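In: I'll drop the sequence and a predicted model, then ask my questions.
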Amino acid sequence: MSDVGLINADSRVVLHFDLKLQDGSAADSTRVNNKPAQLKMGDGSLTANFEKCLLGLKAGDKKEFSLTADDAFGQPNPDNIHHMSRSRFGQDTPAEAGMIIAFTQPDGTEIPGIVRDVAGDSVTIDFNHPLAGQDVIFAVEILEIH
């Protein structure tokens with residue numbers, strides 16, 4: 001493992017992370033498939049608040065940070081809730097509450113939406129981050145810094 005010092009704004013970092021809710025339940029983890037995350041600080045993979053937690057850490061460090069909803073994924077935005085016609089969903093992907101469906105945007109990128117409700121011909125899709133409005137615990141283990 002190369003240790004070139006402390007994480008700074010230009011570092012490339014290899015790390016394991018666990019994202020937990022305040023009740024301790026797991027929301028996301030790189031350990032599930034034992035595939036560490038790799039990121040370049042400032043590339044947008046993590047929000048600025050998550051990146052701030054990493055600054056100054058070195059390889060081998062293990063830390064936990066508690067972030068409020070505003071510092072983590074923000075509050076749910078009512079403008080990110082959309083109502084669509086059930087006819088937009090095919091036989092192979094019927095809309096059912098709780099499903100997460102990827103929607104292709106005009107620029108070709110995909111954005112996940114959670115089906116919140118199906119009533120008659122109307123399907124309510126929530127494009128807010130699934131952890132919006134949640135306080136989280138961000139636990140990291142720094143493996144390498146380049």
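Out: Happy to help now that I have it.

In: for the chain, what spans make up the helices?
Out: Counting by DSSP state H, the chain has helices at residues 48-54.

In: tell me the residue furthest from the middle of the chain?
Out: Ranked by distance from the centre of the chain (C-alpha atoms, centre = their mean), the top residue is G120, with 31.5 Å.

In: Next up, the contacts around that residue.
Out: Contacts of G120 were listed using C-beta atoms under 8 Å, 6 or more residues apart in numbering, and they are R86. Every residue, glycine included, has its C-beta placed from N, CA and C.

In: Return the distance of it relative to F17.
Out: 42 Å (C-beta to C-beta, to the nearest Å).

In: helices and strands of this structure: which one bottoms out on pLDDT?
Out: strand 100-104 (a mean of 89; mean pLDDT, DSSP states H and E).

In: Direction included, what does it pair up with?
Out: If you go by DSSP bridges, strand 100-104 pairs up with strand 110-119 (antiparallel).

In: Quick check: buried residues in stretch 42-50?
Out: Across stretch 42-50, burial judged by 16 or more other C-beta atoms under 10 Å covers L46, N49, F50.
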